[in-house]
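> Sequence first, then the predicted structure:
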Amino acid sequence: MATLDLLRTALIELDEEQTLDLTRELLDRGEVTPSSILNTCQQALKVVGERYERQEYYISGLIMAGELFKEVLDLVQPSYEHDPSERSSGTIVLGTVATDIHDIGKNLFGMALKGHGFDVIDLGVDVAAEEFLAEVERSRPDVVCLSGLILSAFESMKKVVALLRANEVALGYHPPIILGGAIIDGRVCDYAGADSWSTDAMEGVRICQDLVARAKKGNAQ
Ligand code: B12
């Protein structure tokens with residue numbers, strides 16, 4: 001019988017057939033939530049990353065793990081869809097910062113935001129600070145979300161924050177900026193000068209909801 005533990009092992013071992021069969025079975029049985037399936041896969045990818053670091057897996061292992069996660073995401077996605085007739089929770093500009101091409105976590109976070117009623121403008125990967133600024137000028141989002149998984153992303157995040165902050169007067173408001181991605185923590189957040197951070201998509205959604213609620217309260221006063 002399928003369990004989250006078996007799914008974790010199948011993904012760590014890069015066994016495509018097992019991973020997809022177990023995901024389908026878990027979804028069909030409905031005893032675990034779609035989020036717990038994705039959390040399990042996120043943990044498995046962390047282990048794949050550690051094996052890559054120890055040179056037990058090559059780059060092909062990272063690629064395979066990434067592709068497998070995307071296939072799992074395709075199976076899980078329908079459970080996340082939002083009723084388009086509901087009012088928007090706010091607008092988010094999202095992107096993976098310059099020099100970084102990791103997008104699985106960004107896409108997953110984007111999907112979770114949409115599932116909670118946010119309009120998401122996804123700028124893609126390897127996004128320059130200037131592109132973030134241009135989009136913020138255009139769409140005036142409630143929150144700007146930066147994703148990054150490699151060390152060079154820290155510098156890119158810092159650049160985005162500095163550029164947006166330097167243009168606040170012209171923009172006429174202070175767009176909150178939050179960071180996310182496997183290797184982000186409080187120190188990176190402080191270094192970049194961002195407002196908040198998370199390594200968990202659902203917590204990221206809650207942070208966006210809080211920021212939007214706070215801004216609304218501020219405007220009402
Ligand atoms: C898959 C993978 C790849 C794939 C990416 C495929 C793709 N389309 O994304 C490929 C093979 C392309 C790749 C390439 C590289 N990778 Co890579 N990769 C990984 C791996 C195994 C998994 C990443 C992943 O998708 N995780 C699953 C997702 C769901 O997790 P997540 O991204 O953290 O996202 C979650 C949260 O963080 C959050 N979230 C994400 N974004 C945001 C944003 C906001 C605002 C918020 C609030 C939340 C949020 O939501 C998600 C769900 O909860 C990680 C290992 C790891 N620990 O993560 C290494 C890892 C990130 N890679 C690493 C490296 C070194 C590389 C390469 C440099 C390898 C090389 N020699 O070429 C290149 C870099 C290329 C580049 N310029 O970007 C290192 C980085 C180490 C470091 N300190 O810099 C890691 C940590 C592996 C390791 N332990 O060594 N990689």
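Looks like it came in fine. Residues are numbered from 1 along each chain as shown.
> Name the SS class of Glu100, please.
Let me fix one detail, which is that residue 100 is Asp and not Glu. Put simply, Asp100 is coil when judged by DSSP: H, G, I helix; E, B strand; the rest coil.
> wait, isn't it in contact with Leu151?
No: using C-beta atoms under 8 Å as the test, Asp100 is too far from Leu151 to be in contact (9.6 Å). No exception for glycine: its C-beta is placed from N, CA and C like everyone else's.
> Looking at those two now, which is surrounded by more residues?
Comparing Asp100 with Leu151 by neighbour count (other C-beta atoms under 10 Å), the higher total belongs to Asp100, at 23 against 11.
> Got the phi and psi for that one?
With angles defined as degrees, to the nearest 10, Asp100 shows backbone torsions of phi -110, psi 130.
> From Val205, how far off is it?
Taking C-beta to C-beta, to the nearest Å as the measure, Asp100 and Val205 are separated by 22 Å.
> Show me what counts as buried in stretch 26-42.
Neighbour-count burial for stretch 26-42, with 16 or more other C-beta atoms under 10 Å as criterion, is recorded at Leu26, Leu27, Val32, Pro34, Ser35, Ile37, Leu38, Asn39, Thr40, Cys41, Gln42.
> Work out for me the element the closest residue to the last one other than its chain neighbours sits within.
Counting by C-beta to C-beta, 6 or more residues apart in numbering, the nearest residue to Gln42 once its immediate chain neighbours are dropped is Gly105, at 7.7 Å. Taking DSSP states H and E as the definition, one finds Gly105 inside helix 104-115.
> mind listing what Ala112 touches?
Tyr80, Ala201, Met202, Gly204, Val205 (C-beta atoms under 8 Å, 6 or more residues apart in numbering).
> should've said Arg165
Contact analysis of Arg165 by C-beta under 8 Å, 6+ apart lists Gly193.
> now check the helix or strand hosting it, is it near the ligand?
When elements are defined using DSSP H and E, Arg165 is found to belong to helix 152-166. No: taking C-beta under 6 Å from any ligand atom as the criterion, helix 152-166 and the ligand are apart, separated by no less than 7.4 Å.
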